Structures are given as C-alpha cells and as structure tokens.
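*Asks:* One predicted model, sequence on top.
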Amino acid sequence: DSGVTQTPKHLITATGQRVTLRCSPRSGDLSVYWYQQSLDQGLQFLIQYYNGEERAKGNILERFSAQQFPDLHSELNLSSLELGDSALYFCASSVDGGDSSYNSPLHFGNGTRLTVT
Amino acid sequence: ELKVEQNPLFLSMQEGKNYTIYCNYSTTSDRLYWYRQDPGKSLESLFVLLSNGAVKQEGRLMASLDTKARLSTLHITAAVHDLSATYFCAVDKETSGSRLTFGEGTQLTVNP
C-alpha cells in the first residue's frame, strides 16, 4: 500500500459529461501529480501541484483542470468528455517537488479507471 | 522533447534464465527510476538511480545507469514467475520540472 488514496476506483459516464477524480497524498507529501495511462499514449504526465500551487504542466487538455486544496488533497476535473478520454488516471505524491533537487520516487495510487461511453 | 525508449517491449522468458531490459533517453538527466506494474494495478517503485555509474540490486533485479550513454539497464537473474509484470523506466526532466517521463514499458512474462 503506497499510502496514496484515489476515489472512485471505477467511473463510467457518457460523452459530454463532467467528472471529478479525487486523490489524497501520502501523509507528509506536499506534491501531487496526475498521470493518464492509455493503451495508445502510455503513461502521460498531466499536471503537478506543490503545496497548493501549480508547479508543472504536461500534456493536459484545456477541458481538464486540477487543484490542490489546503489539506493537500487534489481533484482532477474532466469535462466535455470524449471517448478518447477513457483511460486509467493515476495520482502520485512525493515529499518534495518544490525545486530542482528532488530525487525521491513518486508513490502512485491505485488509479481511477474512467470509461466514457 | 524528452524521449524515453525501452527495449524490448515484450519479453517472454523461461524460469531460471537471465535477461536485460534496456532504457534509452534522449536528453541529459541524472535521475532515472524503475517501476513495476502488475495488470490493472498501481506502479510500484523499484529503483532510484541518481548518478552516473549507479548500480542498485534487489533480489533478482539489478539496475544500472550510464548517464554519458543515456542508458539504463534492468537485469533479471534466474527469473521466477513472480517477476511477470510490466516494467517501466522513467526519467526526471530536471530543467522543466515536469517530473517523470515514462518509457513505453516492457511486458515481461516468465514461463515455468
């Protein structure tokens, strides 16, 4: 058990809808990362938050947004869903990530499997 | 753009045999990570390699890093069935803070 909690485990929704994925990082970790894993794109970095602030952006679509709350949990919002958004969405956390000297591994949650029909 | 390539992508081997998975990356980085993923499961951190020449071993797995060649290897010794999983290498793109860029993954199947 990595200590990173993601809810829900599974989500089935229709195209055009909006969903929210939730992540609680490991105790003491300040950084939260979101990744998307799909068969055709592999593991893609979406976005990172550190202590409530956006730190880095990857291949995140404009229809997607995220935030990190004062208690450090994070939510990933996906809107105007398309079939191609079906994927496994992972949240990961690490204790660092505030500067370029980080070297601790990311600890991944069990993921949320999103199916868009 | 940072690219991380693994080779092979699929590997089927017999128990007791040795094999090596290769991970090449396209830009300077001093930090490389290996992860394991079981089907439908999360990613488990295996190794963190932080400098040129770093070598780490855990059980039947040994990872090494050559930053000059931009190459990391994951060597499997005397494979057992429990090692069947997908193995990912990931590189930390230091300058942009985008954290880990993952390779495509190597799907390892160890047959009795």
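*Replies:* Nice, I can see it.
*Asks:* Close to chain A: what parts of chain B are there?
*Replies:* B:31, B:33, B:35, B:41-45, B:48, B:50, B:88, B:90, B:92, B:94-105 (C-beta under 8 Å from any C-beta of the partner chain). For glycine as for every other residue, the C-beta is placed from the backbone atoms N, C-alpha and C.
*Asks:* So, low pLDDT: which residues of chain A?
*Replies:* Across chain A, the ranges flagged by pLDDT under 70 are A:97-103.
*Asks:* the strands in it, which residues?
*Replies:* Using DSSP state E, the strands assigned to chain A run over residues A:5-7, A:10-13, A:19-24, A:31-38, A:42-50, A:53-57, A:64-68, A:74-78, A:87-94, A:107-108, A:112-116.
*Asks:* Name all residues that make contact with the closest residue to B:K93 other than its chain neighbours.
*Replies:* Once flanking residues are discounted, B:K93 sits nearest to B:L2: 5.0 Å by C-beta to C-beta, 6 or more residues apart in numbering or on different chains. Under the criterion of C-beta atoms under 8 Å, 6 or more residues apart in numbering or on different chains, the neighbours of B:L2 are B:Y25, B:S26, B:T27, B:S29, B:V91, B:K93, B:T101.
*Asks:* Residue ranges in chain B under the pLDDT threshold?
*Replies:* Under the criterion pLDDT under 70, the flagged ranges of chain B are B:30, B:94-98.
*Asks:* Who are the packing partners of the helix or strand containing B:Y35?
*Replies:* B:Y35 is located in strand B:32-37, with elements delineated by DSSP states H and E. Contacts defined by 3 or more C-beta pairs under 8 Å, 6 or more residues apart in numbering or on different chains; DSSP states H and E place strand B:32-37 against strand B:19-25, strand B:43-49, strand B:71-76, strand B:85-92.
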